[in-house]
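3D model of this:
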Amino acid sequence: AVGDLVEFITKEAKNYGALMELEMVATVMRALKPGIQGWKRHFDYMPWMIMLEDVRPIVDGMLSFVSRDLASDDAKEQKLISERFVAVSNKWEKLLFFYTFIRDVSLPMQVEPNDTLKTLEPIDSDQARLRTSSTFRSIIKMFSE
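I've put the predicted structure just below:
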């Protein structure tokens, strides 16, 4: 995650501000995406959980910074920042949900990663919403199988 973040800052970042903060958070979240972790067994969750716990206060702080910076003088920029903020915040909320699910369900019940990822797959897309009946059904389905 650090290498991706450094590459973004040195090669892609145009200027400092809310949009850069949001892109930095998005870069960190891409590195923490559960589906790319290569988990084989339930005990493989732990290093990922520790990484997420380490970056959580930083990401929360960056999102807090951006939320205070939403009142821009430029209406076009404000709209862009606001839309990006909502998208990044929703993804962060999903990632925290994944973490909580893995911590409270998958790890104690020794659910193998393939089953965990299959259960969480319906809410892993950008279009999926977290607080829906389909999310609830996905989780209930895992318990019934």
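
show me how far the lengthiest helix in the chain is from its chain's centre.
Ordering each helix of the chain by length in residues (DSSP state H) puts helix 75-101 first. Relative to its chain's centre, helix 75-101 lies at 9 Å (CA atoms, centre = their mean, to the nearest Å).

and that helix, what does it pack onto?
helix 18-32, helix 45-68, helix 113-120 (3 or more CB pairs under 8 Å, 6 or more residues apart in numbering; DSSP states H and E). For glycine as for every other residue, the C-beta is placed from the backbone atoms N, C-alpha and C.

could you give the angle of the longest one to helix 18-32?
Put simply, helix 45-68 runs at 170 degrees to helix 18-32, going by axes from the mean of the first three to the mean of the last three CA atoms, to 10 degrees.

and the average pLDDT for the longest helix of the chain is what?
For helix 75-101, the mean per-residue pLDDT is 89.

in that helix, what counts as buried?
Within helix 75-101, the residues scored as buried using 16 or more other CB atoms under 10 Å are 81-82, 84-85, 88, 91-92, 94-95, 98-99, 101.
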